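J.: Just to be clear, the model below is a prediction. Sequence and coordinates:
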Amino acid sequence: MGLGAGTLTLNACGLIPPASTPFTPPPGSLSLVVDLTAERATVPIFSGAETSIWRYQASVQEGSGESIQTLSGSYLGPIFRVKKGQHIQVRLKNELPDPTIIHWHGLRIPEEMDGHPRYAIEPGASYEYDFQVINRAGTYWFHPHPHQLTAPQVYYGLAGLFIVSDDEESALGLPSGEYDLPLVIQDRTFDSQNQMVYLENGMMDQMIGFLGDKILVNGAPNANLEVKASAYRLRLLNGSNSRIYKLAWQDGTPLRVIATDGGLLEAPVVRDYITLAPAERVELWADFSGRATGSEMRLVSLPFSGLSGNSMMGGGMMGSSSLPNGASFNILNLKIGEKGADVIPLPSRLSTIERHDVKDAVNQNNPRSFTLAMQGMVHTINGLVFEMDAVARDETVRLGDLEIWEFANLESGGGGMGMGMMNMEMPHPMHIHGVQFQVLGRQITGGNESAYPELSAGFVDDGWKDTVLVLPGEKVQVLVRFENYVGTFLYHCHNLEHEDAGMMRNYKIKS
Ligand SMILES: [Cu+2]
């Protein structure tokens, strides 16, 4: 069964839900108006009882219907397929029992469009988004962002991809149409009635982050995908609340990376494995053309140790998920089918990335530093937790400035920062709203390397990023220019349980 042949029943057998239509760029349509309803529904994830989920239902009011792809029978989606320069209007209708708002993750858009929790709308209310896509081509995404409710709303199903193309990218002849496959990786726990279970371990799940015991791809467990013997563009999003993946092909085939959060790299890079933290994206160019019909490949997560929530750490209390962070498991089974489209060789040059020069940073001798640490029982940023309207003195930047931001993760062993006898080895994927940045450097400090030796070779820091993983004991410096809009934006940990517990702050861009 190919991608086009899926049905709801196939989904229940673990086949990846097929996208509604292969993508072809909308012919000259510059405006897209979409009604997006956040609602409760049920979908068939397993055989037997359907699963109660939350989802976005889209209907195109103006523009090409092909700008919106749905994943048949899945809680995920829809997938926006738009071009740089397009004008987008989305009318969000909240038919959930709780307040909600959408954040367009990775997009450069004005404050009122960015989904700050202070814009959350009540059940029954609507919110109108209206913005132009100025980002370069890339795999962006969208998800809820109401304060203290982001994690459960994403968990119960609310998330979709926002894929942007542009002329530079189109000229490359990368695999497209049925050979362009978005793959959203998530973990969930289900009870015996096929219903999702959230925070079953209470406070420990909140402190470490939720770890489900089933891995889903595009909303399907035990995911299978039949591909043709040809080259594919695989767009991977880690849409999990807190799980970190160490992605690899099970047979050791190296992974060929062509893009990260903010779009194409300058040139492909090759990795034996890729470390993908929550909210991060990576795009692979995968050539199956030399493989025999009927042969199989598996995308897996390799084992690693050294993090809290890991099976090696402290037993029951710290590793209460039956599938701890660092466990090894299957993500996706690929079966190679008939010969597909002729393979266009991957260009050795993909794009031009304008490199920020550290000498242009206004604070090059004094990086703006953010200390990530546990105080009491909460994860903090410079000792603070989220306040809806507060902006601290060191959280204001000037429009147009290039700055060094440094995230220093002190949650590494040695006494556990207020946790008494308990050692915390806590990674924090840090996300900055409204910008794309470049990673300047990484440094392991404090003599406690925790998971660093097992995960650091899987970082892809070569291109544009909006989320960067900061491992325990690590300092990461990024170069970020605040170039588009003044306003109050967010920066936070994208471990969604950490975020909901307050590991988030405002920053203000002023003129
Ligand atoms: Cu965190």
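T.: Here it is on my side, so go on.

J.: got the residues of this structure near the ion?
T.: H428, C493, N495, H498 (Cβ under 5 Å from the ion). All C-beta atoms are positioned from the backbone trio N, CA, C, and that covers glycine.

J.: Quick check: which ranges of this protein have low pLDDT?
T.: For the chain, the stretches with pLDDT under 70 are 1-29, 309-320, 414-423, 446-447.

J.: 90 instead?
T.: Filtered on pLDDT under 90, the chain yields the residue ranges 1-31, 64-65, 72-73, 199-207, 306-322, 375-377, 411-425, 445-450.

J.: sec struct for the residue nearest the centre of it, please.
T.: Nearest to the geometric centre of the chain sits A279, at 2.1 Å (Cα atoms, centre = their mean). Under DSSP: H, G, I helix; E, B strand; the rest coil, A279 falls in the coil class.

J.: which residues in the protein form helices?
T.: 8-12, 150-155, 167-170, 203-208, 452-455, 496-500 (DSSP state H).

J.: Go through those helices and pick out the most buried.
T.: Across these, averaging neighbours per residue (mean count of other Cβ atoms under 10 Å) puts helix 496-500 on top, at a mean of 25.

J.: if we look at it, which residues are touching it?
T.: 147-151, 154-155, 199, 205-210, 241-242, 278, 379, 428, 492-493 (Cβ atoms under 8 Å, 6 or more residues apart in numbering).

J.: What of stretch 504-511?
T.: Residues outside stretch 504-511 that contact it (Cβ under 8 Å, 6+ apart): 381-382, 384-387, 389-392, 395-399, 432, 434, 482, 485-493.

J.: what about the residue in the stretch 301-450 of the chain that the ion sits nearest to, distance to V197?
T.: Going by Cβ to the ion, the ion is nearest to H428 of the stretch 301-450 of the chain, at 3.5 Å. Going from H428 to V197 by Cβ to Cβ, to the nearest Å gives 25 Å.

J.: and if you look at V154?
T.: If you go by Cβ to Cβ, the gap between V154 and V197 works out to 15 Å.

J.: swap in H492?
T.: From H492 to V197 the distance is 25 Å (Cβ to Cβ).

J.: ok, those two, which is more surrounded?
T.: Of the pair H492 and V197, H492 is the one with more neighbours under other Cβ atoms under 10 Å, namely 25 against 13.

J.: give me every residue that touches the more buried one.
T.: I381, F386, M430, H431, E499, M503, M504, R505.

J.: Please repeat the previous calculation with a cut-off of 7 Å.
T.: Listed by Cβ atoms under 7 Å, 6 or more residues apart in numbering, the contact set of H492 reads H431, E499, M503, M504, R505.

J.: In TSV, list the helices of the chain along with distance to W54.
T.: Converted to TSV, the helices of the chain look like this (distance: least, Cβ to Cβ, whole Å):
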stretch	distance to W54
helix 8-12	17
helix 150-155	6
helix 167-170	32
helix 203-208	19
helix 452-455	32
helix 496-500	14
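
J.: Enumerate the beta-bridge partners assigned to the nearest residue to L440 once chain neighbours are set aside.
T.: Nearest residue to L440, sequence neighbours excluded (Cβ to Cβ, 6 or more residues apart in numbering): Q477, at 4.2 Å. Taking DSSP bridges as the rule, Q477 bridges to E406, G441.

J.: what about Q477, distance to D167?
T.: Distance of Q477 to D167, given as Cβ to Cβ: 33 Å.

J.: And A159, by the same measure?
T.: 28 Å.

J.: ditto for K214
T.: 41 Å.

J.: swap in I432?
T.: 27 Å.

J.: ditto for V34
T.: To D167, V34 is 23 Å away according to Cβ to Cβ.

J.: for D130, same thing?
T.: Counting by Cβ to Cβ, the separation of D130 from D167 is 24 Å.

J.: about what we covered before: beta partners of the residue of the stretch 301-450 of the chain closest to the ion?
T.: Each beta-bridge partner of H428 is listed here: V470, as defined by DSSP bridges.

J.: Identify the bridge partners of the closest residue to F80 other than its chain neighbours.
T.: Excluding the flanking residues, the one nearest F80 by Cβ to Cβ, 6+ apart is F162, at 4.5 Å. Residues in a beta bridge with F162, per DSSP bridges, are F80, Y140.

J.: Could you do L284 as well?
T.: L234, V257.

J.: Please give me every residue in contact with it.
T.: Going by Cβ under 7 Å, 6+ apart, L284 touches L234, L236, L255, R256, V257, I258.

J.: quick one on the thing from earlier: would you agree the residue nearest to F80 is in contact with G138?
T.: No - under the criterion of Cβ atoms under 7 Å, F162 makes no contact with G138, lying 9.0 Å away.

J.: quick one: the residue nearest to F80 and G77, what's the gap?
T.: Taking Cβ to Cβ, one finds F162 at 11 Å from G77.

J.: Same check on E112?
T.: With Cβ to Cβ as the criterion, E112 and G77 are 25 Å apart.

J.: Quick check on the two: which one has the bigger neighbour count.
T.: Remark: of E112 and G77, G77 carries more neighbours, 26 against 15, as counted by other Cβ under 10 Å.

J.: which residues touch the more buried one?
T.: By Cβ under 7 Å, 6+ apart, the contact set of G77 is Y56, T70, L71, G160.

J.: how close does M204 sit to the ion?
T.: According to Cβ to the ion, to the nearest Å, M204 stands 15 Å off from the ion.

J.: now do S170
T.: Computed as Cβ to the ion, the S170 to the ion distance reads 37 Å.
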